[in-house]
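Undergrad: Could you look at this predicted model? Sequence included:
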Amino acid sequence: MQYVRTMSQPAKTPARPVAASSDGTESAAGSRAAAQRLKMRRELAAAAMELFATKGYEATTVDEIAATAGVARRTFFRHFRSKEEAIFPDHDDTLIRAEAVLDAAPAHEHPLDTVCRGIKEVMKMYAASPAVSVERYRLTREVPALREREIASVARYERLFTRYLLAHFDEQDHHDGNDDPLLAEVAASAVVTAHNHVLRRWLRAGGQGDVEAQLDHAFAIVRKTFGTGINAGRSPVAAQAAAHAGPAPAAVRAEGEVLVAVARTDAPLDEVMRTIEDALKNR
């Protein structure tokens, strides 16, 4: 898989403008407002989950959720569009944090490693409140509407990571035999699937266990499977032989008076230089 680090990143959602201030007063006010917003969303979510557990999902109304949280009905609808949305208060903020991880990725990091770090923000959200997460999991198993909402939330993460991986391929290099764009989408799905597998196992265990270690193990499998790419255009026998032989540090070919070298980003520099020197000597 050839990654292109010079490709432009996908367009990001414009951030809400915050007026500049020499003493940072307005910036601090914006942070406080965001914290208060999240606090209210979590209180409404707690009220909704309590009522869903005691009265049942179908029997619970938005008015009852608002009253239990001690706010007016209109306040509820300033934060959520529906009652099933109310038990997922943190997904919007978590999606922003995951995108921030992608935006700040160091140039030397493999894009798949970046995506694995990004989705860890989702696990952090669940692990921050194990009891709440376990109860939420139980509810989503019992109520189809909540399950559908959860699936929609997962799809947002998968789209984010797919766009990120696709942005690291040369978009002009789409031709028969080049499966890298396909691999980018499959790899993004694999990361999300691995995360969700570990998350469900942890939730079924009551939120017990070292979920961080389990997640790292799952991601190691994904990286081993997808991280080195595929041998597009090669026969299965040749691809298998190349896989057993290990990645060559560099491939060199001469075109007129120009020597072209292609090397893996993780190839040792001395091996790359030695390959180029040998090629020059043999010309």
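TA: All right, it came through fine.
Undergrad: buried residues in stretch 40-56?
TA: Buried residues in stretch 40-56, counted by 16 or more other C-beta atoms under 10 Å: M40, R41, R42, E43, L44, A45, A46, A47, A48, M49, L51, F52. C-beta here means a position set from N, CA and C on the backbone, and glycine is covered the same way.
Undergrad: my guess is the first one contacts V71, does it?
TA: By that I understand M40. Yes. M40 lies in contact with V71 (C-beta atoms under 8 Å); the separation is 7.4 Å.
Undergrad: how about the helices in this structure?
TA: Along the chain, counting by DSSP state H, helices occupy 25-55, 62-69, 73-79, 91-103, 111-127, 130-142, 144-166, 180-204, 211-226, 236-245, 269-281.
Undergrad: who wins for proximity to E85 among these?
TA: Proximity to E85 (C-beta to C-beta) singles out helix 144-166 among those, at 6.2 Å.
Undergrad: now the angle between helix 211-226 and that closest one, please.
TA: 50 degrees (axes from the mean of the first three to the mean of the last three C-alpha atoms, to 10 degrees).
Undergrad: Now helix 144-166: buried residues?
TA: Going by neighbour count (16+ other C-beta under 10 Å), the buried part of helix 144-166 is 146, 149-150, 153-154, 157-158, 160-166.
Undergrad: could those residues be laid out in a markdown table, adding distance to K124 and pLDDT?
TA: Output for the buried residues of helix 144-166, formatted as a markdown table (distance: C-beta to C-beta, whole Å; pLDDT from 0 to 100):
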| residue | distance to K124 | pLDDT |
| --- | --- | --- |
| L146 | 22 | 85 |
| R149 | 20 | 85 |
| E150 | 17 | 85 |
| S153 | 15 | 83 |
| V154 | 16 | 83 |
| Y157 | 13 | 89 |
| E158 | 18 | 87 |
| L160 | 16 | 92 |
| F161 | 16 | 89 |
| T162 | 21 | 86 |
| R163 | 22 | 88 |
| Y164 | 19 | 89 |
| L165 | 21 | 85 |
| L166 | 25 | 82 |
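Undergrad: E121: which of those residues is nearest?
TA: Among the buried residues of helix 144-166, Y157 lies closest to E121 (C-beta to C-beta), at 9.3 Å.
Undergrad: That closest one and Y137, how far apart?
TA: According to C-beta to C-beta, to the nearest Å, Y157 and Y137 sit 17 Å apart.
Undergrad: just V191 next, same as before
TA: For V191, the distance to Y137 - C-beta to C-beta - is 20 Å.
Undergrad: Which one of those two is surrounded by more residues?
TA: Set V191 next to Y137 and count neighbours by other C-beta atoms under 10 Å: V191 wins out with 24 against 20.
Undergrad: tell me the contacts of that one?
TA: L112, V115, C116, I119, F161, F219, V222 (C-beta atoms under 8 Å, 6 or more residues apart in numbering).
Undergrad: quick one, domains of the protein?
TA: Structural domains annotated on the chain: 91-226, 247-281, as defined by automatic domain parsing.
Undergrad: weakest of those domains by average pLDDT?
TA: Here the lowest mean pLDDT among the domains of the chain goes to domain 247-281, at a mean of 56.
Undergrad: re earlier: now, among the buried residues of helix 144-166, which is nearest to S31?
TA: Closest to S31, out of all of those and judged by C-beta to C-beta, is L160, at 23.7 Å.
Undergrad: Next, work out how far apart the closest one and E135 are.
TA: 27 Å.
Undergrad: What pLDDT is listed against A33?
TA: So, for A33, pLDDT stands at 82.
Undergrad: that older thread, could you identify which of the domains of the chain is most buried?
TA: Of the domains of the chain, the one with the most neighbours on average (mean count of other C-beta atoms under 10 Å) is domain 91-226, at a mean of 17.
Undergrad: Endpoints of that domain, how far apart?
TA: 27 Å (C-alpha to C-alpha, to the nearest Å).
Undergrad: can you check stretch 63-80 too?
TA: Across stretch 63-80, the terminal residues are separated by 13 Å (C-alpha to C-alpha).
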